[in-house]
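Visitor: Mind looking at a prediction? Sequence and model below.
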Amino acid sequence: MPNTSLVDLDRQFLIHPVSNFRQHEQRGAAVLAAAHGVYLRDDAGRELLDAFSGLWCVNTGYGHESIVQAANEQMRRLPYATGYFGYSSEPAIRLAARLVELAPASLRHVYFTLGGSDAVDSALRYISYYYNALGQERRTQFISLQRGYHGSSSVGAGLTALPVFHRHFNLPQANQHYLPSPYAYRSPLGDDPQALIAASVAALRAKVAELGAERVAAFFCEPIQGSGGVIVPPRGWLKAMADTCRELGILFVVDEVITGFGRTGPLFACEAEGVQPDMMTLAKGLTAGYAPMGALMMSDRIYQAIADGAGPELAVGHGQTYSGHPVSAAIGLEVLRLYHEGGLLANGVARAPQFEQGLRDLLAHPLVGDARSRGLLGALELVADKHSKRQFAAELKLHERVARAAYDQQLVFRAFGDNILGFAPALCYTADEFTLLFARLRATLDQVLAQPEVRQALS
């Protein structure tokens, strides 16, 4: 290894996800060196309060010895086991059975992936197989939501409805379509929950009618839109969309990659409204980020149709080398135990009111136009004019100013390009840690507000 700093090596060789390559070459990376509880430490020894659980995933917090021990024991016993050729491993089997036990009753089978993007990709492939097996080859059209995020695989990124994931990638495909987001703050319908729900249902019906019900395969949605800006639909929205899909005869696929595993309160956001999806994608909190793993869960109806379509001899041609990896599965089992027996789900529910109130209190700040949350998933939306909801000019690069100020204040969260600030604190947060989070967040906003260019942009 040449005697070159890590930052320089990073600039030269490491491609970062969803980054501007030229900006990264100029700025370099903040290198993280260690973590414990809800704190990160960079390689200069600076301690940072993590209010984003890594990337919506470290729901347990960092440094749980029991998770490390589960991984260590499994690595010593059986570090890898293929799922091909009829082989399996105990952790993968037990994790699949446990997920079926805990998930909505409609979901009876599990396919393991490496993360959320390939869980969505697997859903798309299995849905195509399902309809072809049924002799309904015309069902090739997929519907999702504007501002939705369903990963960045070559096809799944077309279900994602964020322009940066489409530009120069030849997406979306011609069979990928979008409905308006149930975005109350920016909707002409305002805060009327029933009107928002009715508008979404009407939009789904209209899109299916436009495409032809016999041509539509499935509707994909997140219970709360994460990377699109933490858009929180009204309660009852998810159930209404699921019921409409069932009435129209199309599959309802819920993406719980972010919302799953206690992020919104219950283990799965579906539970809050009694929704029974045809498929559900999972990742992130499944292993709390301690190792890569995702999952696709499907109904028995879909499973049986695929099995019958393959017949007694042919393999279903979808698979990955690391599907059901035994170390990741062992971690998943321990993480699930911590959610329940370790009290993490209960703590998340108990702390949610403090989190919600902390966000709402910041509505008084001159920069904040909206505060929204459910469970321990929330956002602040920054605006230049609270009355008109006018956004800041893009050239001000307010989100970059916020990110720099947050680092100065030793706080980590997500500053989106449209000046929405996303928060996903770990389920192990204490009352004192929430107090510290909001003190540092207010200091961050004050630091940004003090900049002359920002003050000038305010009405």
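Guide: Looks like it came in fine. Every value quoted in this text rests on a predicted model; they were computed, and no experiment measured them.
Visitor: alpha carbons only for contacts and neighbour counts from here, please
Guide: Will do.
Visitor: ok, residue 265 - how many residues close by?
Guide: Other residues near residue 265 come to 25 when the count uses other CA atoms under 10 Å.
Visitor: quick one, what contacts it?
Guide: 345, 348-349, 374-376 (CA atoms under 8 Å, 6 or more residues apart in numbering).
Visitor: Now do the SS call for it.
Guide: coil (DSSP: H, G, I helix; E, B strand; the rest coil).
Visitor: hmm, back to that, now flag whichever of the contacts of residue 265 is closest to residue 85.
Guide: residue 345 (37.7 Å; CA to CA).
Visitor: what about the protein, any weak spots by pLDDT?
Guide: Judged by pLDDT under 70, the chain has its weakly predicted residues at 1-4.
Visitor: center of it, which residue is that?
Guide: residue 258 (2.8 Å; CA atoms, centre = their mean).
Visitor: my read: that residue touches residue 56, true?
Guide: Yes - in this structure, residue 258 is within contact of residue 56 by CA atoms under 8 Å, at 6.2 Å.
Visitor: Overlap in contacts, these two.
Guide: Contacts common to residue 258 and residue 56, judged by CA under 8 Å, 6+ apart, are 284-285.
Visitor: Leaving out sequence neighbours, find the closest residue to residue 127.
Guide: Excluding the flanking residues, the one nearest residue 127 by CA to CA, 6 or more residues apart in numbering is residue 217, at 7.4 Å.
Visitor: For the one you found, the count of nearby residues, please.
Guide: So residue 217, with other CA under 10 Å, has 25 neighbours.
Visitor: ok but the residue nearest to the centre of the chain is inside a strand, no?
Guide: No - going by three-state DSSP, the assignment for residue 258 is coil, not a strand.
Visitor: Buried ones among the contacts of residue 265?
Guide: Among the contacts of residue 265, those classed as buried by 16 or more other CA atoms under 10 Å are 345, 348-349, 374-376.
Visitor: from those, which single one is nearest residue 88?
Guide: Nearest to residue 88 among the buried ones among the contacts of residue 265, with distances taken as CA to CA, is residue 345, at 30.1 Å.
Visitor: looking at it, that closest one is touching residue 262, isn't it?
Guide: Yes - the pair residue 345 / residue 262 is scored as a contact, 5.6 Å apart, by CA under 8 Å.
Visitor: so what sits against both of those two?
Guide: Counting by CA under 8 Å, 6+ apart, the shared contacts of residue 345 and residue 262 are 339, 427.
Visitor: Residue 37 versus residue 341, what's the distance?
Guide: Residue 341 sits 18 Å away from residue 37, going by CA to CA, to the nearest Å.
Visitor: between these two, which one's more packed in?
Guide: The residue with more neighbours, out of residue 341 and residue 37, is residue 37; 16 against 12, by other CA under 10 Å.
Visitor: The nearest residue to residue 273 once chain neighbours are set aside: neighbour count?
Guide: Spatial nearest neighbour of residue 273, excluding adjacent residues (CA to CA, 6+ apart): residue 239 at 6.0 Å. Neighbour count for residue 239, taken as other CA under 10 Å: 19.
Visitor: can you check residue 33 too?
Guide: Applying other CA under 10 Å, we find 12 residues neighbouring residue 33.
Visitor: Repeat that for residue 77.
Guide: 11.
Visitor: tell me the contacts of it?
Guide: Listed by CA under 8 Å, 6+ apart, residue 77 has no contact partners.
Visitor: Return the distance of it relative to residue 326.
Guide: Residue 77 is 10 Å from residue 326, by CA to CA.
Visitor: do the same with residue 443
Guide: Separation of residue 443 from residue 326 (CA to CA): 44 Å.
Visitor: for residue 373, same thing?
Guide: 35 Å.
Visitor: And for residue 283?
Guide: As judged by CA to CA, residue 283 and residue 326 stand 16 Å apart.
Visitor: Where does residue 455 fall, secondary structure wise?
Guide: Taking DSSP states H and E as the criterion, residue 455 maps to helix 452-457.
Visitor: what's the helix or strand for residue 108?
Guide: Element membership for residue 108, per DSSP H and E: strand 107-113.
Visitor: Over to residue 379?
Guide: Counting by DSSP H and E, residue 379 is found in strand 377-382.
Visitor: Name the strands paired with that strand and say parallel or antiparallel.
Guide: strand 368-374 (antiparallel), strand 420-423 (antiparallel) (DSSP bridges).
Visitor: ok, and what's touching the longest one?
Guide: For strand 368-374, contacts defined as CA under 8 Å, 6+ apart pick out 185, 230-232, 264-265, 352, 356, 359-360, 362-363, 378-383, 385-386, 389.
Visitor: Much appreciated, bye for now.
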